[in-house]
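Participant: My questions concern the predicted model and sequence given below.
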Amino acid sequence: MLDLLGTLTRTHTCGELRAADAGKSVVLLGWVNRRRDHGNLIFLDLRDRYGITQIVLDKEVGEAAHAKAEHSRPEYVVAAVGKVRLRDKDVINPKMPTGEVEIVASELRILNDAKVPPFSPSEEAIGNEEVRLKYRYIDLRRPEMQRNFEVRHKVALAVREYLSGEGFFEIETPFMTRSTPEGARDYLVPSRVHPGEFYALPQSPQLFKQILMISGMDRYFQIARCFRDEDLRADRQPEFTQIDLEMTFPQQETIFGVVEGFMAAAFKAVGIDLPVPFPKISYDEAMRNYGIDKPDLRLPGLADVKAAFTAENLAALVIDPNLPVVALRIPKVGELSRKERDDNKPLFDQRKGAKYIDDLKRLEKGFPEAAAKVRELAGAEADDLLIIVAGDAATHIQASDTKTPGRLSEREIAVYSAAGNFRVELARKYAERHGAFAVTDGVVTDEGRNTGIVDGSKAFRPIWVTDFPMFEHDPETGKWMPAHHPFTSPHEEDMDRLVSDPASVRARYYDLAMNGLELGSGSIRIHQQQVQQEIFRALGMSDEEAKARFGFFLEALQYGTPPHGGIALGLDRLVMILAGANSLREVIAFPKTAKAIDLMVDAPTPVSEQQLRELHIKPTKG
RNA sequence: GGGGACGUAGUUCAGUUGGUUAGAACGCUGCCCUGUCACGGCAGAGGUCGCGGGUUCGAGUCCCGUCGUCCCCGCCA
């Protein structure tokens, strides 16, 4: 028989009572975390979002309350009425913030019972994610998850406060909008009123926010839900949240300043000092130094070691002398065994004509001078893992190595990115040995938040990546594709080469990367209608097609569009980094599986014939 | 669309060369216990070895298919 709450009111949370509260009469409400039954003496650990407090049920103090405790079980919801008592010195629990006190309960009410849960929120590690997602309400009771959502809340709040203080208005844009197929696939919403027609869920509020600039809103932001119907990854969910902003009359640096401001504020809100401004690197430099456009600065970059080899050396090693020769170095990993090297083979992408040398001992035997020079150029310590990556002279691959002065060729990029990806894979695999990733784990702790600001300069390494190429060449279609989105402005001094030499055109486009993760992208937009049309043409889009897809926008551009620009940052990814999590699912309350299923509500599902008829939809399958 | 890992009790996992009645820990149930905090002690319950088919005298174990979860490539302007 369950008890009624009646007029009982919570006086304290389960995390706040301390020695100074001794003697107070209190009412605590929460879930039974654990029960320790000693016969005539029972301990209940009562848990809520704020912590755990021990309740003592002594048969001699209250027989009825003691009997209730005998019947209570983990996850029962109970009310404890009693007095705060200082614990004797020898039974103080130093591991708990409330460990100096306990509640001597005179009354215990069982407000609700609970089935035996498939796993306990009091367990440290739960492995089975399927079960966690199905019983998400139990999973979310775990202190770790509650902490993650506290971080998420604080970050979002700090961003809002900061941007508001900088004059940004938070403005909502529609969820049901027009399909403008660009990059990702749209989620479509059928219209009942307009047979055969569909709304689309926004992939981002891109065009709306640009139109808000045309509208003279000056500074806009939104913590916006976005939808993309693409395959999932650990860091990609079909619906996700972006910190989206746009402003009128910015220079690139103006936007960097705003982002650095709210990032610092967000980190400060969870107790971390994030130094500003963030370093900057051009796309080309990023490729040369890290082999990737989202560099992880927690580990050393690539070193150019071509100078270590003579032409004869390169020929003997079957290395293409016209392509880069670089060394990747991971500290403290040490020399790899034969077996380890074999195991690592699949981690290297050999498809694009790159090769690597990971047996430095053998290189030292055959080419002692070159090997010594490589070590020197790479700045390698004795216990560093050192691997050389170069172009394979024996592979003839179909890739353009036409060189635009000042830009990297496709083949050069292939070698750099093979090295860069290998570096990332190995760094992840040997994370325990080099220890550079461990710092982020547990930086956001209760201790950190309570004792002041922690120095985050080593654990969190943001970097701006700038000057991306405007176009990418698609080898399959032979067309030039926008490297990013087609509303990005080219550099003013590159404009005249839009048609004559598209590969050399730089975009006023920038990414913010942190710890090897792309946190966000933005750009200075095109604000002149003619330029926008030229870009569409350069992309092989006819004027008619452009008009059909973006006519409303091209029209809007003609009514006094100010120069404008902005950025969108993934809130989920940001919180994931702060929480030290390795999946977005840890920081999204109700996420989807890799197959885009919600295991708790079981979505998607078929719908009734009736619903389909009303929407004028006839499925071809199922 | 492709590659890889995994799937055994509620949970985490073990299960040898294919061989008797499939095990452990935690959890769960009952009894005992007044200072535990991962309480302890005794007793007990709990299994379609993901599912389907095949090979075999015999399959958790081998083969084929299928489903599910995770990771990666493609994809994600």
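Facilitator: It's in.
Participant: How about the residues of the stretch 151-300 of chain A by RNA strand B?
Facilitator: Within the stretch 151-300 of chain A, the positions adjacent to RNA strand B are A:182-184, A:203-204, A:206, A:228, A:230-236 by CB under 7 Å from any atom of the strand. The way it works is simple: take the backbone N, C-alpha and C, and place the C-beta from them, glycine included.
Participant: May I ask which of the residues you listed comes out lowest in pLDDT?
Facilitator: Across these, the bottom pLDDT score, 66, is held by residue A:182.
Participant: how close does the residue nearest to residue A:491 when sequence neighbours are not counted get to residue A:498?
Facilitator: For residue A:491, ignoring the flanking residues on the chain, the nearest one in space by CB to CB, 6 or more residues apart in numbering is residue A:506 at 4.6 Å. Residue A:506 sits at a distance of 12 Å from residue A:498 (criterion: CB to CB, to the nearest Å).
Participant: got it, and residue A:167?
Facilitator: Residue A:167 sits 34 Å away from residue A:498 when distances are taken as CB to CB.
Participant: Residue A:350 now?
Facilitator: Taking CB to CB as the measure, residue A:350 and residue A:498 are separated by 36 Å.
Participant: Give me the more crowded residue out of those two.
Facilitator: Neighbour tally, residue A:350 and residue A:498, criterion other CB atoms under 10 Å: the higher count belongs to residue A:498, 19 against 13.
Participant: ok, now how distant is the closest residue to that one other than its chain neighbours from residue A:210?
Facilitator: Leaving aside its chain neighbours, residue A:498 sits nearest to residue A:538 (5.1 Å; criterion: CB to CB, 6+ apart). Distance, residue A:538 to residue A:210, by CB to CB: 19 Å.
Participant: Give me the more crowded residue out of the two.
Facilitator: Neighbour tally, residue A:538 and residue A:210, criterion other CB under 10 Å: the higher count belongs to residue A:210, 23 against 18.
Participant: hang on, the more buried one in a helix?
Facilitator: Yes. Counting by DSSP: H, G, I helix; E, B strand; the rest coil, residue A:210 falls inside a helix.
Participant: Next up, phi/psi of the nearest residue in space to it that is not next to it in sequence, please.
Facilitator: Distances taken as CB to CB, 6+ apart put residue A:525 closest to residue A:210, at 5.9 Å, once the chain neighbours are dropped. In this entry, residue A:525 is assigned phi and psi values of phi -90, psi 170 (degrees, to the nearest 10).
Participant: Any idea what residue A:525 is bridged to?
Facilitator: residue A:488 (DSSP bridges).
Participant: what do you get for residue A:469?
Facilitator: Once the bridges are assigned, which here means DSSP bridges, residue A:469 pairs with residue A:506.
Participant: Next, the contact list for residue A:467, please.
Facilitator: Contact partners of residue A:467, counting by CB atoms under 8 Å, 6 or more residues apart in numbering, are A:282-284, A:491, A:506-507, A:509.
Participant: what helix or strand does residue A:594 sit in?
Facilitator: When elements are defined using DSSP states H and E, residue A:594 is found to belong to no helix and no strand.
Participant: and the gap between it and RNA strand B?
Facilitator: Remark: distance between residue A:594 and RNA strand B (CB to the nearest atom of the strand, to the nearest Å) = 3 Å.
Participant: I'd guessed that residue sits against residue A:236; true?
Facilitator: No. In this structure, residue A:594 sits apart from residue A:236 without contact. The criterion is CB atoms under 8 Å, and the distance is 9.8 Å.
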